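Enquirer: Could you look at this predicted model? Sequence included:
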Amino acid sequence: MKAVIIYSRGKDWLTGKPHWEQKLVSHRHYLVDTLKDKLVSAGPFMDHTGGLIIVEVESLEEVAKNDPAVLDGKFEYVVHPWEPLEGLFTTSK
């Protein structure tokens, strides 16, 4: 199943700083190295309020709770199961 993770600023987000100044290297490594083939797409919101990730997972519980940015308080998150109907993330029928 596909899932969308919506990240928002957590209690330890550095107010007034853009995402590239938030020390999120471990978050990026988590996405690239841990989620690997499960990762469909990811990126920050350009207004520096968080970001969005699309993943292919077996269960919703497995996706974001171990993300270093969540554990460090940089992000809070919400996970939604997602069914793409049209566009780039659909499969040909």
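Expert: All right, it came through fine.
Enquirer: What's the local residue count around the nearest residue to residue 51 once chain neighbours are set aside?
Expert: Nearest residue to residue 51, sequence neighbours excluded (CB to CB, 6 or more residues apart in numbering): residue 44, at 4.2 Å. Every C-beta, even on glycine, is put in place using the N, C-alpha and C of the backbone. Using other CB atoms under 10 Å, residue 44 is surrounded by 16 other residues.
Enquirer: before we move on, what about the one 5 residues further on?
Expert: The burial metric for residue 49, expressed as a neighbour count using other CB under 10 Å, is 12.
Enquirer: Quick one: the strands in this protein, in order.
Expert: Using DSSP state E, the strands of the chain run over residues 2-9, 39-44, 50-56, 75-82.
Enquirer: And the third one, what does it pack against?
Expert: Going back to what we said before, that points to strand 50-56. Contacts defined by 3 or more CB pairs under 8 Å, 6 or more residues apart in numbering; DSSP states H and E place strand 50-56 against strand 2-9, strand 39-44, strand 75-82.
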